[in-house]
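>>> My questions are about this predicted structure, shown below with the sequence.
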Amino acid sequence: MKTKYVILASALLFSAGSFAQKDQLKAAEKAIKSGNTSGAEASLAEAEPLLSNDDDRAQFYFVKGNMYAKLADRGVETTKNYTLALKAFQSLSELEKKNGKSKYTKQVEAAQLIAVNGLKNDAYKDYTAKNYKESAKKYYQLYDLDKTQVDYLYNASNAGLLSKDYDLALPYLIELKKINYTGEGTSFIAVSKLSGQEEGFLTKEARNNAVTIGTHEKPKDLKIESKKPEILKNIALIEMDKGVLNDDVKTAIADAQAANPSDTSLLMNEAVLYYKNKDTETYKRIITKILEKDPNNAELVFNLGVISYNNKDYANAEKFYKRVSEINPKYKGVDFNMSALKLDNAQNLLDQMNKLGTSPADNKKYDELKKQRDAVLKESVTYLERAMEAEPTDLDIKRSLVSVYKALDMMDKAAALKATIKE
């Protein structure tokens, strides 16, 4: 008799808990309808630990998703609440799909679409406002909620790159590589008769219908090229920028170069990486390879000069800049960069002069170094004056030339030129 009583009591407790959770869920639904979202949140918090079966859990996710959607619709932390709503709807869909049901899933389709569009609009607004980091995170949230929508992941990687937060962008790019995303397809275009602008359509049928009913004209199909080469290139560039040379980085470089065989920027960045890691032989081999590809490309040779200068390989930098002048005597930037090389040399000579003592031998050495320095500074003047002729309004060139004039005691020229600089 006692055993039966215990079983009966347990059943009554279970029944009471079941009724309590249903009451809380009903209270939450009522609160949402009346706009009392804080009341709904409190009721859901009380109901959650009492959930005992999948039907009640489905109802719980249904109410929870609607509550967060309502908050977002009212402009309250829209990104956060749209995301929470979509997560609740996703849990609901998975649960009902597992049980072969669709009672609540069908009811939330409209709210789900609104939430997706709301989050998508927030991501796009951030993108157009150049809040790229926030845009990247929102696009990734959209992808994370529905991993069939891989274009959101690509958008996230693109926004991450634009934010220059490469630690944010790199995992997105690696995931795109892992799932073999290409983004290839066809864009269906027609010109709106109302605006005169080209507009895109999701399907060819939708575009053709718009042309048939007369709202659009001049239909055309545009092939969307694969984005894979770009993705692999960006992975390699980010990895190389870290300055670490290991097998993973070498693999990233090889993959990127295989996908972008004519892209010399990858080779140039690879050369920099090997130089930073003190592998000068490989550095020289890559530089030679670059020049073999296009020896008379002034821009390419100029960039090699910049790379050499940045890596303090001044002899090669001067050689490349002079080669640019041979290819194109009017190439912009060569004279200014050559002046920078000369000024670095002049600074080195000045540092040597400042280390000397006051002995007769040191005084003699000082005079020799000063003579060398003045000659180098005069070379710099020649380059800077020529650079100023090509770009007479460039303030950096003018300021550099004023400084060199002063260093050579050409005070009249320095004063006259300084008077033309309007800050």
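Happy to help now that I have it.
>>> Walk me through the domains of the protein.
2-129, 185-224, 240-418 (automatic domain parsing).
>>> Flag every buried residue along the second one.
Pointing back at domain 185-224 there. Phe188, Ile189, Ala190, Val191, Phe201, Arg207, Ala210, Val211, His216 (16 or more other C-beta atoms under 10 Å). From N, CA and C alone the C-beta is placed, and that goes for glycine too.
>>> before we move on, back to that, looking at the domains of the chain, which is nearest to Ser163?
domain 2-129 (10.1 Å; C-beta to C-beta).
>>> backbone phi and psi for the most centrally placed residue in the chain, please?
When C-alpha atoms, centre = their mean is applied to the chain, the residue found nearest the centroid is Leu161 (1.0 Å). With angles defined as degrees, to the nearest 10, Leu161 sits at phi -60, psi -40.
>>> Can you tell me how far it is from Lys133?
11 Å (C-beta to C-beta, to the nearest Å).
>>> returning to what we had before: now do the contacts for the residue nearest to the centre of the chain.
Remark: with contacts taken as C-beta atoms under 8 Å, 6 or more residues apart in numbering, Leu161 is in contact with Ala169, Asn234.
>>> start at 676 instead
Noted, 676 is the first residue going forward, which turns the last one into Leu836.
>>> Can you classify Leu897 by secondary structure?
Look at Leu897: counting by DSSP: H, G, I helix; E, B strand; the rest coil, its state is strand.
>>> which residue packs closest to it, ignoring adjacent ones?
Ser862 (4.3 Å; C-beta to C-beta, 6 or more residues apart in numbering).
>>> any idea whether the one you found is helix, strand or coil?
Ser862 falls in the strand class when you classify it by three-state DSSP.
>>> That one contacts Ile899, correct?
Yes: using C-beta atoms under 8 Å, Ser862 is in contact with Ile899, at 5.7 Å.
>>> before we move on, back to that, what's the closest of the buried residues of domain 860-899 to Gly750?
Gly750 lies nearest to Phe876 out of these, by C-beta to C-beta, at 31.0 Å.
>>> And the closest one, how close does it get to Ile961?
For Phe876, the distance to Ile961 - C-beta to C-beta - is 46 Å.
>>> ok, Gly871 - contacts?
Counting by C-beta under 8 Å, 6+ apart, Gly871 touches no other residue.
>>> any idea which element it lies in?
Using DSSP states H and E, Gly871 is not contained in any helix or strand.
>>> Check Ile906 too.
Using DSSP H and E, the element containing Ile906 is helix 903-916.
>>> cool, and Leu770?
helix 753-773.
>>> Give me the distance between that helix and the centre of its chain.
Here helix 753-773 is found 28 Å from its chain centre; the criterion is C-alpha atoms, centre = their mean, to the nearest Å.
>>> If the nearest residue to Ala885 once chain neighbours are set aside is in a bridge, with which residues?
Once flanking residues are discounted, Ala885 sits nearest to His891: 4.2 Å by C-beta to C-beta, 6+ apart. His891 forms beta bridges with Ser867, as assigned by DSSP bridges.
>>> Quick check: His891 touching Ser867?
Yes: contact criterion C-beta under 8 Å: His891 and Ser867 qualify, at 5.7 Å.
>>> From Tyr841, how far off is Leu767?
Taking C-beta to C-beta, one finds Leu767 at 37 Å from Tyr841.
>>> Same drill for those two, tell me which one is more crowded.
Leu767 (25 against 16; other C-beta atoms under 10 Å).
>>> For the residue nearest to Glu771 when sequence neighbours are not counted, give me its contacts.
Nearest non-adjacent residue to Glu771, counting by C-beta to C-beta, 6+ apart: Thr780, 4.9 Å away. Neighbouring residues of Thr780 by C-beta under 8 Å, 6+ apart: Leu767, Ser768, Glu771, Lys772.
>>> Of these, which is the nearest to Asp730?
Nearest to Asp730 among the contacts of Thr780, with distances taken as C-beta to C-beta, is Glu771, at 9.5 Å.
>>> what about the closest one, neighbour count?
Each residue near Glu771 was counted by other C-beta under 10 Å, and the total is 21.
>>> residue contacts, it?
Ala733, Ser777, Lys778, Tyr779, Thr780.
>>> hmm, which of these are the buried ones?
Ala733, Tyr779, Thr780.
>>> for the stretch 776-925 of the chain, what spans make up the strands?
All strands of the stretch 776-925 of the chain, identified by DSSP state E, counting those that start in this stretch, fall at 860-867, 873-876, 891-899.
>>> wait, Asp1019 sits on Asn985?
No: assessed by C-beta under 8 Å, Asp1019 is found out of contact with Asn985, at 11.8 Å.
>>> Settle it for me: which of those two has more neighbours?
Asp1019 (16 against 11).
>>> Relative to Ser1055, how far out is that one?
Per C-beta to C-beta, Asp1019 is found 10 Å from Ser1055.
>>> for Leu948, same thing?
Going from Leu948 to Ser1055 by C-beta to C-beta gives 31 Å.
>>> Distance check, Lys805 against Ala834.
10 Å.
>>> Looking at those two, which one has more neighbours?
Shown here are Lys805 and Ala834; by other C-beta under 10 Å, Ala834 has more neighbours (27 against 11).
>>> So for the residue nearest to Glu771, what pLDDT did the model give?
We have a pLDDT of 81 for Thr780.
>>> Quick check: buried residues in the one helix or strand Asp930 maps to?
Using DSSP H and E, the element containing Asp930 is helix 922-934. By 16+ other C-beta under 10 Å, the buried positions in helix 922-934 come out as Val924, Ala927, Ile928, Asp930, Ala931, Gln932, Ala934.
>>> what packs against that helix?
Other elements packing on helix 922-934 under the criterion 3 or more C-beta pairs under 8 Å, 6 or more residues apart in numbering; DSSP states H and E are helix 903-916, helix 939-951.
>>> Let me have these in JSON lines, adding distance to Glu1064 as columns.
Converted to JSON lines, the helices and strands packed on helix 922-934 look like this (distance: least, C-beta to C-beta, whole Å):
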{"stretch": "helix 903-916", "distance to Glu1064": "36"}
{"stretch": "helix 939-951", "distance to Glu1064": "30"}
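>>> Name the helix or strand of the chain that has the lowest mean pLDDT.
Scoring the helices and strands of the chain by mean pLDDT, DSSP states H and E places helix 677-708 at the bottom, with a mean of 49.
>>> which residues touch Asp1069?
The neighbourhood of Asp1069, defined by C-beta under 8 Å, 6+ apart, consists of Phe1011, Ala1062, Met1063.
>>> Most neighbours of all those, which one?
Ala1062 (24 neighbours).
>>> Tell me, how many residues neighbour the nearest residue to it once chain neighbours are set aside?
Leaving out its chain neighbours, the residue that sits closest to Ala1062 by C-beta to C-beta, 6+ apart is Asp1010, at 3.9 Å. Applying other C-beta under 10 Å, we find 24 residues neighbouring Asp1010.
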